[in-house]
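A.B. asks: I would like to see how this sequence folds:
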Amino acid sequence: MMRKKKTYAGNPVITSIYTADPSAHVWEDGRIYIYASHDMDPARGCDLMDRYHVYSSSDMANWQDEGEILRSEDVKWGRPEGGFMWAPDCAYREGKYYFYYPHPSDSKWNDSWKIGVAVSEYPCHGFRDLGYIDGLGGFGMIDPCIFVDEDEQVYMYYGGAAQCLGGRMKGDMLSLDSEMRPMEGLYDFHEAAWVLKYKELYYLMYSDNVQPCNNMRYAVSSSPLGPWKHKGIMLKPVGCETTHGSIAQFKGEWYLFYHNQKISGQGNLRSVCIDKLFFEESGDIRCVEQTGQGVMACDDSFTEIMAVDYDGEITENGCLFDHVDGGQGGRASLRFYYNNASGCLSKIYLKVNEKEEFLINLLADREEADITIDLKCGENRILLTRECGDAIVKSMDIVLLDGGEA
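C.D. replies: Just a heads-up that it's a prediction; the model follows:
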């Protein structure tokens with residue numbers, strides 16, 4: 001079967017699992033990548049956020065789940081109970097990708113935040129944890145943002161609890177080259193700092209403290225470390241309490257990446273969205289319009305993908321796919337095809353080789369759901385068990401992402 005391409009991304013753009021806090025980057029391979037936090041379902045506050053996934057696209061409309069890159073179990077210095085893997089960022093330097101994430105080092109989570117770093121030679125797999133950055137962390141200090149200027153100088157920004165700090169980093173991407181200092185001139189800063197440069201100005205985007213739902217604001221400066229001049233609101237409330245996002249230019253167009261709670265109706269089960277962003281001639285950012293159809297494919301670079309089909313064995317409470325060929329083993333993109341005539345959200349538990357993975361959403365207005373997992377070499381057993389709703393999964397196809405044939 002050929003996986004067909006979409007003309008519009010749709011919002012939310014990632015629907016199979018709950019993702020938030022998207023950090024978007026364009027790398028040297030010409031693709032755009034989203035590094036997102038993962039709201040584990042069922043939620044318990046924000047405690048259970050874990051298992052970061054990466055997504056990539058060549059055209060903004062068709063997105064590939066590249067799979068999980070890091071979980072709390074991989075962080076040996078981290079909170080013993082795990083969880084609390086909050087909003088991340090990623091940067092590239094001299095052939096390596098550096099993944100930055102906030103995580104507590106103690107059971108007293110809000111007093112022990114650190115900024116961890118993982119590294120890989122690839123943008124979407126193979127990451128290994130290197131520890132945390134000395135000199136960063138403390139009460140409520142989260143949401144790392146890495147900005148690489150045109151002269152290759154690297155800057156770190158982070159913050160929370162109404163405090164935003166910034167400073168220079170060394171070329172090793174693992175240590176500070178200056179003391180972190182307050183970013184002066186920001187109005188009503190809450191968290192979620194994101195920095196970019198457009199023409200001759202630096203822009204710092206962030207969320208404010210407005211209740212019950214935050215706005216996304218921005219400020220500008222002629223220097224990457226300020227002082228900053230507040231310019232106003234660029235994204236109005238998204239329907240949930242938090243707002244957090246990033247801005248990226250891709251193939252000549254600018255985009256805002258953000259999240260909402262459209263699928264779940266819960267502020268701790270969020271979903272990544274994308275809409276176009278426009279700069280006025282003055283350099284001001286036009287307030288972004290939140291749309292349901294999302295952004296249109298920016299070109300014809302996406303090619304239909306050949307996938308291997310499997311028919312499922314319908315069980316009393318789900319669907320079984322047995323003898324699934326994992327090739328040589330590694331990442332596998334699964335696409336489930338289903339009928340959902342109830343008009344309501346359905347959910348299924350995914351279990352691979354007797355190991356329970358997580359809940360997958362089956363939306364009423366769609367007919368397929370994608371997820372990327374690891375399969376072992378040779379035969380695999382994939383069991384889907386209905387958690388809620390009336391959707392029926394009948395078939396599946398697979399694309400092996402790490403080579404080999406299924």
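A.B. asks: please spell out which residues along stretch 270-286 are buried.
C.D. replies: Of the residues in stretch 270-286, 270-277, 285 count as buried by neighbour count, 16 or more other CB atoms under 10 Å. C-beta here means a position set from N, CA and C on the backbone, and glycine is covered the same way.
A.B. asks: looking at these, spot the one nearest A61.
C.D. replies: I274 (9.3 Å; CB to CB).
A.B. asks: wait, the closest one sits on G292?
C.D. replies: No: the pair I274 / G292 is not scored as a contact, 11.9 Å apart, by CB atoms under 8 Å.
A.B. asks: narrow the buried residues of stretch 270-286 to those in helices?
C.D. replies: Judged by DSSP state H, the buried residues of stretch 270-286 include no members of helices.
A.B. asks: could you tell me how many residues sit around the closest residue to R3 other than its chain neighbours?
C.D. replies: Nearest residue to R3, sequence neighbours excluded (CB to CB, 6 or more residues apart in numbering): I305, at 4.3 Å. Other residues lying near I305 total 16 when counted by other CB atoms under 10 Å.
A.B. asks: show me the contacts for I305.
C.D. replies: Residues in contact with I305 (CB atoms under 8 Å, 6 or more residues apart in numbering) are 2-3, 399.
A.B. asks: state the distance from it to R335.
C.D. replies: To R335, I305 is 10 Å away according to CB to CB, to the nearest Å.
A.B. asks: now the common contact residues for these two.
C.D. replies: The contact sets of I305 and R335 overlap at 3, 399 (CB under 8 Å, 6+ apart).
A.B. asks: looking at the buried residues of stretch 270-286, which is nearest G343?
C.D. replies: When the buried residues of stretch 270-286 are compared against G343 (criterion: CB to CB), the nearest one is S271, at 18.7 Å.
A.B. asks: pLDDT value on that closest one, please?
C.D. replies: pLDDT, S271: 98.
A.B. asks: residues of the host helix or strand of K394 that come out buried?
C.D. replies: If you go by DSSP states H and E, K394 is part of strand 392-400. Going by neighbour count (16+ other CB under 10 Å), the buried part of strand 392-400 is 392-393, 395-400.
A.B. asks: what bridges to the nearest residue to I133 once chain neighbours are set aside?
C.D. replies: Nearest non-adjacent residue to I133, counting by CB to CB, 6+ apart: I115, 4.9 Å away. With DSSP bridges as the criterion, I115 is bridged to P102.
A.B. asks: how near is the nearest residue to P182 once chain neighbours are set aside to P104?
C.D. replies: Closest residue to P182 apart from its sequence neighbours, by CB to CB, 6+ apart: L165 at 6.1 Å. From L165 across to P104, the span is 18 Å (CB to CB).
A.B. asks: so which of those two has more stuff around it?
C.D. replies: Between L165 and P104, P104 has the larger neighbour count (other CB under 10 Å), namely 24 against 17.
A.B. asks: list the contacts for the more buried one?
C.D. replies: Each residue near P104 by CB under 8 Å, 6+ apart is listed here: 78-79, 84, 110-114.
A.B. asks: 10 Å instead?
C.D. replies: P104 is in contact with 72, 75, 78-81, 83-86, 110-114, 137, 142, counting by CB atoms under 10 Å, 6 or more residues apart in numbering.
A.B. asks: so where is the stretch 301-406 of the chain shaky, pLDDT-wise?
C.D. replies: Per-residue confidence for the stretch 301-406 of the chain (pLDDT under 70) gives these ranges: 404-406.
A.B. asks: how about the strands in it?
C.D. replies: For the stretch 301-406 of the chain, strands defined by DSSP state E, counting those that start in this stretch occupy the ranges 305-306, 308-311, 313-315, 318-325, 330-339, 346-352, 355-362, 368-375, 379-388, 392-400.
A.B. asks: what strands line up against the shortest one, and which way round?
C.D. replies: It refers to strand 305-306. The strands beside strand 305-306 in its sheet (DSSP bridges) come out as strand 2-3 (antiparallel).
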